[in-house]
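> quick check, what structure comes out for this input:
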Amino acid sequence: MNQENTQNQTNQKPDNAQNKNCRNWWIEIVSLLALGYLIFSLISPIFLKEGQQPRKIELPDILVIAVILFFNSDLLNRLEDFGISKEGGITAKFRELKQEVNKQKKEIDELQAQQLEQLEKQQKNLEEMQAFMYNFLLGDKDYEKIAQLDKHLQANTNYKFYVSEKVADELRRLRDLKLIQTNSGYISDLVKASDYGRQPIDLTKYLCVTDLGKKFLITRDTLHSSNQEETTNSQETSEFE
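Next up is the predicted model:
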């Protein structure tokens, strides 16, 4: 069945090419006749009457020239639909022009998708670099706050904490580093809810750990595990010696 379809398509191609060539020949013949008639009508007054000037080009002549140019251009092969409305308006749809526009739109969409993908990769690499650098900028106290907050959020348990003005400054620093963020409101709201550090509040109701903060925790744990392995291996080597 597939072979028959292939043969039919192969047979159709020469037929289409032959029909197209025949049509082009007819267009060229008709165009030459029309152009010859137009030239003759313009210069015939010179030969028919002495002293007569050639006839001026008028609107019908321009229309004939436009039709000749149109039929001899590639636009005719691209014409997909043509119509004239009752109001006298003319509509025309060109196949290859529409395909070219769709092709360009597709290429633009693909280019935008590639650029977005590259930006996402760059953002991811930047966040990983930040998470790594924060291990050298933040101390154990800051790490403990983020780790405990993430732990209680995952366990859906309360994380009781006294939030004084000093603690608020520490939380603001972590927020500015985009390791944590407030669910709503400001850090100062935590201070007021904690009565300026006099009573504990549940931090999970006010704060959450960002994606960068979670990457920081993972990087910190990985580095800590690597340091422990190196320390253990070093001790074993010393005992062996």
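> neighbours of Leu116, just the number please.
10 (other CB atoms under 10 Å). (Each C-beta comes from the backbone N, C-alpha and C, glycine too.)
> tell me the first helix or strand C-terminal of the strand or helix carrying it.
Using DSSP states H and E, Leu116 falls within helix 95-137. Next helix or strand after helix 95-137 toward the C-terminus (DSSP H and E): helix 140-155.
> hang on, Gln181 in a strand?
Yes. Checked against DSSP: H, G, I helix; E, B strand; the rest coil, Gln181 lies within a strand.
> contacting residues for it?
175, 207-208, 210 (CB atoms under 8 Å, 6 or more residues apart in numbering).
> for those, which one is nearest Glu117?
If you rank these by distance to Glu117 using CB to CB, Thr210 comes first, at 22.2 Å.
> run a quick neighbour tally on Gln115.
Quick note: Gln115 (other CB under 10 Å) scores 10 neighbours.
> any idea how far Asn125 is from it?
Using CB to CB, to the nearest Å, one obtains 16 Å as the distance from Gln115 to Asn125.
> likewise Val163?
Going from Val163 to Asn125 by CB to CB gives 35 Å.
> which of the two has more residues huddled nearby?
Ranked by neighbour count (other CB under 10 Å), Val163 and Asn125 place Val163 first, with 26 against 10.
> the more buried one contacts Ala193, correct?
Yes. Val163 lies in contact with Ala193 (CB atoms under 8 Å); the separation is 7.4 Å.
> mutual contacts of these two, please.
With CB under 8 Å, 6+ apart as the test, Val163 and Ala193 both reach Ile201.
> thinking again about what came up before, so what secondary structure elements neighbour the helix holding Leu116?
Secondary structure elements in contact with helix 95-137, counted by 3 or more CB pairs under 8 Å, 6 or more residues apart in numbering; DSSP states H and E, are helix 75-78, strand 79-84, helix 211-240.
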